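Q: any chance you can model this:
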Amino acid sequence: MKKHSKRIKEIIKSTDKAKVFNLKEAIVVLKQLPKPKFDESVDLHLHLNVDPKQSDQMVRGTVVLPHGTGKKVRIAVFCKGEHEAKAKESGADYVGGQELIDKVAAGFLDFDCAIATPEMMKDLSKVGKVLGPRGLMPSPRTGTVTVDIPRAIKEVKAGKIEFKTDKQGGIHISVGKISFSPEQLYDNANTAVEAIKQIKPASIKGEMIKSIFIATTMGAGLRISA
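A: Numbering: from 1, shown residues only. Okay, the predicted model is just below:
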């Protein structure tokens, strides 16, 4: 049997698996638990009342977290001409056209978000099998296919994140770092949950959210009321 570390034993001892917390209570508990030597992410894990195989039950969208994610987001912009200069001026980490697409095709994926101008999408589709599974494919629905590159970059840097249901009907998103204040974590988590609730597909009957858990990277998951 695998032995738990002292920190994990303390976490198990301090959390009640049967209890359903409200969001503010859960954040207080997470802040009090023993921590590792790095600044953990705080994540939401939602299980939805959807059938992932039905296209009309896909829950997908974006939300701007009021206090950002606490992470440095590396942005790649696929564009040509005058858009390249604007992307660089706006703080993009990687900018280019076909040469950047070729780099991705060769295995380069050292970025967290991809933005593209509409004219680049035909060529970018050639690496869709590489970007898609990693959630990096630009999409008009999420505002990452646009001619307004500076605005898109600004939104991402301000804390804009994308969410969508996975094959098990779940949504998993980071809403900050454990070093954030309780108020900042509450604002971010509450904003994310409300954004997901707002795009409930018409084909879903009853409550869309079955359960929500909040957890740190290395910590226990606490169930919170939906």
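
Q: just say helix, strand or coil for the residue nearest the centre of the chain.
A: In the chain, the residue lying closest to the centroid (C-alpha atoms, centre = their mean) is Ile173, at 4.1 Å. Classification of Ile173 using DSSP: H, G, I helix; E, B strand; the rest coil returns strand.

Q: so how far is Arg60 from it?
A: 12 Å (C-beta to C-beta, to the nearest Å). Where you see a C-beta, it was placed from the backbone N, CA and C, and this is true even at glycine.

Q: which residues are in contact with each of those two?
A: Phe163 (C-beta atoms under 8 Å, 6 or more residues apart in numbering).

Q: tell me how far stretch 33-40 is from the chain's mean position?
A: Computed by C-alpha atoms, centre = their mean, to the nearest Å, the chain-centroid distance of stretch 33-40 equals 21 Å.

Q: report the buried residues of that stretch.
A: Leu33, Lys35, Glu40 (16 or more other C-beta atoms under 10 Å).

Q: how long is that stretch from one end to the other?
A: 12 Å (C-alpha to C-alpha, to the nearest Å).

Q: hey, which helix or strand in the chain has the poorest pLDDT?
A: Using mean pLDDT, DSSP states H and E, helix 6-14 stands out as the lowest-scoring helix or strand of the chain, at a mean of 54.

Q: surely Val64 meets Lys160?
A: Yes: contact criterion C-beta atoms under 8 Å: Val64 and Lys160 qualify, at 4.6 Å.

Q: how far off centre is the helix or strand just after the least confident helix or strand of the chain?
A: Going down the chain from helix 6-14, the next helix or strand is strand 20-21, by DSSP states H and E. Between the centre of strand 20-21 and the centre of its host chain there is 23 Å, according to C-alpha atoms, centre = their mean.

Q: same deal with stretch 198-212?
A: On C-alpha atoms, centre = their mean, the centre of stretch 198-212 falls 19 Å from that of its chain.

Q: pull the residues that contact it.
A: 44-50, 54, 56-61, 193, 196-197, 223-226.

Q: buried set for that stretch?
A: Residues of stretch 198-212 classed as buried under the neighbour-count rule (16+ other C-beta under 10 Å) are Lys200, Ile204, Met208, Ile209, Ile212.

Q: ok so, going back, among Val64 and Lys160, which residue is more densely surrounded?
A: Lys160 (21 against 15; other C-beta atoms under 10 Å).

Q: the helix ranked longest in the chain: how far from the chain's middle?
A: Longest helix in the chain by number of residues (criterion: DSSP state H): helix 182-198. Centroid separation for helix 182-198 versus its chain: 13 Å, with C-alpha atoms, centre = their mean.
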